[in-house]
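[1] sequence and predicted model, in that order:
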Amino acid sequence: MPELTSRQRSMLLTSLARASGMRLVATASFPTGKKMVSEADLASIRESLALPEMRDAMQNPSLVFVVLGYASKQGNDQANLELSQLRADTVMNTLQQQFQTQNVIYSVPMGASTLFGKNSFVDNQVAEIWAVIP
């Protein structure tokens, strides 16, 4: 996470160490080479944030969101890292601007991955929103 200051990195690590749990809130999928969140994924994120347990958890200012951006193994490593950062940033900005999320949010580029599917490039073109529960 080279874009984080040492203070931000320390705060994130402290949040993770103190967390009582982590929860996958939503996943957004992206077409090859794209970074925009689809209307279907916006609706899914909206539904997930509206769940009573998420609404309640978000009232605690120490709840932190971590957005992990991924790319497929197509292309070169640097381009995939940059694309994964753009995807994570887009989802983070969506949480802040469209959903008015007041909690701290970190966007983390994960680069190229086969975590979500070894046989399909498209399955790995995602961003995950994780809630770090205090």
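    Noted; the coordinates are in hand. Bear in mind that the values here come from a model prediction, so they are computed numbers and not experimental data.
[2] low-confidence regions, the protein specifically.
    Applying pLDDT under 70 to the chain flags residues 1-4.
[3] contacting residues around the residue nearest to the spatial centre of it?
    Nearest to the geometric centre of the chain sits Val67, at 1.7 Å (Cα atoms, centre = their mean). The contact partners of Val67, by Cβ atoms under 8 Å, 6 or more residues apart in numbering, come to Ala88, Val91, Met92, Leu95, Ile105, Tyr106, Ser107, Val108, Ala127, Glu128, Ile129, Trp130. C-beta: built from backbone N, CA, C; applies to glycine.
[4] apply 6 Å and report the result again.
    By Cβ atoms under 6 Å, 6 or more residues apart in numbering, the contact list for Val67 reads Ala88, Val91, Met92, Ser107, Ala127, Ile129.
[5] give me the sheet partners of the helix or strand harbouring it and which way each runs.
    Assessed by DSSP states H and E, Val67 sits inside strand 64-71. Here strand 64-71 is paired, per DSSP bridges, with strand 104-112 (parallel), strand 126-133 (antiparallel).
[6] which of the ones you listed sits most buried?
    Mean neighbours per residue, mean count of other Cβ atoms under 10 Å, is largest over the strands paired with strand 64-71 for strand 126-133, with a mean of 22.
[7] just the CA atoms of it, as PDB, please.
    Only the C-alpha atoms of strand 126-133 are listed here, as PDB (Å, rounded to 0.1, in the frame of the first residue of the first chain):
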ATOM      1  CA  VAL A 126     -13.500  -7.200  -9.100                       C
ATOM      2  CA  ALA A 127     -13.400  -5.000  -6.100                       C
ATOM      3  CA  GLU A 128     -14.500  -6.200  -2.700                       C
ATOM      4  CA  ILE A 129     -15.800  -4.100   0.100                       C
ATOM      5  CA  TRP A 130     -14.900  -5.400   3.600                       C
ATOM      6  CA  ALA A 131     -16.100  -4.000   6.900                       C
ATOM      7  CA  VAL A 132     -13.700  -4.200   9.700                       C
ATOM      8  CA  ILE A 133     -15.900  -4.600  12.700                       C
END
